[in-house]
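# Return atomic coordinates for the entry below.
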Amino acid sequence: MSTQGLLDTLRREGRTILTEVEAKEFLAPTGIPIVPTRLARSQREAVRIARELGWPVVLKVVSPDIVHKSDIGGVKVGLTSASAVARAYREIMQAVRTHAPQARLHGVSVQKMAPPGREVIIGAGKDPQFGHYVMFGLGGIFVEVLKDVAFRLVPLTPRDARQMIREIRGFPLLEGQRGQPPADLTALEQALLGLSAFLEAHPEVQEVDLNPVFAYPQGCVAVDVRVVVEGGALASSAPSGGTP
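Presented below is the predicted three-dimensional model:
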């Protein structure tokens, strides 16, 4: 679906938060590598997609009304067989019916389980006065507890991206410690620049959260994605003179 098509869908449904599947599709033009993720609307479809993506896979409930999926049993990880996927699909559906019976349900997302890497977070927000900004930091406790992050206003220059990564206190962990290989800093810089360019082209974006992004010795990949757009932008996406 095109970017405008996604925005039109949100407007029709009165939403500003994209589902994970929508968000990953929406951010594809950034060029940031994102874990392949597809929507399954049935148990059989989930098994078929899992086989096509390759094992192991992760299943997550897809609903615009469920934010904290794991809290209600809506996430199953490390699935390595068709029978495991089928069982996980049934368990997720039962959990949703039990804990969120009124939630609108699109199905489940099936995504390839990415190998672990150095966890970082890449995000963006929009200040009423200064406009879009991009954020970078280490994942885990470094962002939750230590608030070890760096910010820059959009548009980013290559120098901005390079400095953001190197000014966080946890940067030595990305350089490689105790025999660990360094992370691919060039790939992380390109991810920041890609997001900056995307935000310039899409003023309707309010928030972006790529967390975690796994940084490898070669390349990086975003595992979980969250996108929020402005409600006013959705209203303005209606055709001129049309009915909202």
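# Let me see the ranges of the helices in this structure.
If you assign secondary structure with DSSP state H, the helices in the chain sit at 3-13, 20-26, 43-53, 82-99, 141-144, 158-167, 171-175, 185-201, 231-236.
# could those go into a markdown table alongside mean neighbour count, mean pLDDT and distance to Val61?
(C-beta placed from N, C-alpha, C; glycine too.) Formatted as a markdown table, the helices of the chain follow (neighbours: other CB atoms under 10 Å; pLDDT from 0 to 100; distance: least, CB to CB, whole Å):
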| stretch | mean neighbour count | mean pLDDT | distance to Val61 |
| --- | --- | --- | --- |
| helix 3-13 | 15 | 83 | 17 |
| helix 20-26 | 22 | 94 | 10 |
| helix 43-53 | 18 | 98 | 12 |
| helix 82-99 | 17 | 97 | 5 |
| helix 141-144 | 15 | 73 | 24 |
| helix 158-167 | 16 | 98 | 34 |
| helix 171-175 | 15 | 93 | 33 |
| helix 185-201 | 20 | 97 | 26 |
| helix 231-236 | 14 | 58 | 24 |
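# Using JSON lines, lay out the ones you listed together with distance to Tyr133.
Shown next, in JSON lines, are these (distance: least, CB to CB, whole Å):
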{"stretch": "helix 3-13", "distance to Tyr133": "21"}
{"stretch": "helix 20-26", "distance to Tyr133": "19"}
{"stretch": "helix 43-53", "distance to Tyr133": "34"}
{"stretch": "helix 82-99", "distance to Tyr133": "35"}
{"stretch": "helix 141-144", "distance to Tyr133": "16"}
{"stretch": "helix 158-167", "distance to Tyr133": "11"}
{"stretch": "helix 171-175", "distance to Tyr133": "20"}
{"stretch": "helix 185-201", "distance to Tyr133": "9"}
{"stretch": "helix 231-236", "distance to Tyr133": "18"}
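# and of those, who's closest to Pro128?
Minimum separation from Pro128 across the helices of the chain (CB to CB) falls at helix 231-236, 12.4 Å.
# Make sure Leu188 is actually in contact with Gln218.
No: the pair Leu188 / Gln218 is not scored as a contact, 11.9 Å apart, by CB atoms under 8 Å.
# residue contacts, Leu195?
With contacts defined as CB atoms under 8 Å, 6 or more residues apart in numbering, Leu195 is in contact with 27, 30, 32, 122, 124, 134, 208, 210.
# try 10 Å this time
Under the criterion of CB atoms under 10 Å, 6 or more residues apart in numbering, the contact partners of Leu195 comprise 27, 30-32, 122-124, 132, 134-136, 154, 156, 161, 205, 208, 210, 222.
# Out of those, list just those in strands.
122-124, 132, 134-136, 205, 208, 210, 222 (DSSP state E).
# Can you name the two of those that sit furthest apart?
Farthest-apart pair in those is His132 and Ala222; separation 18.1 Å (CB to CB).
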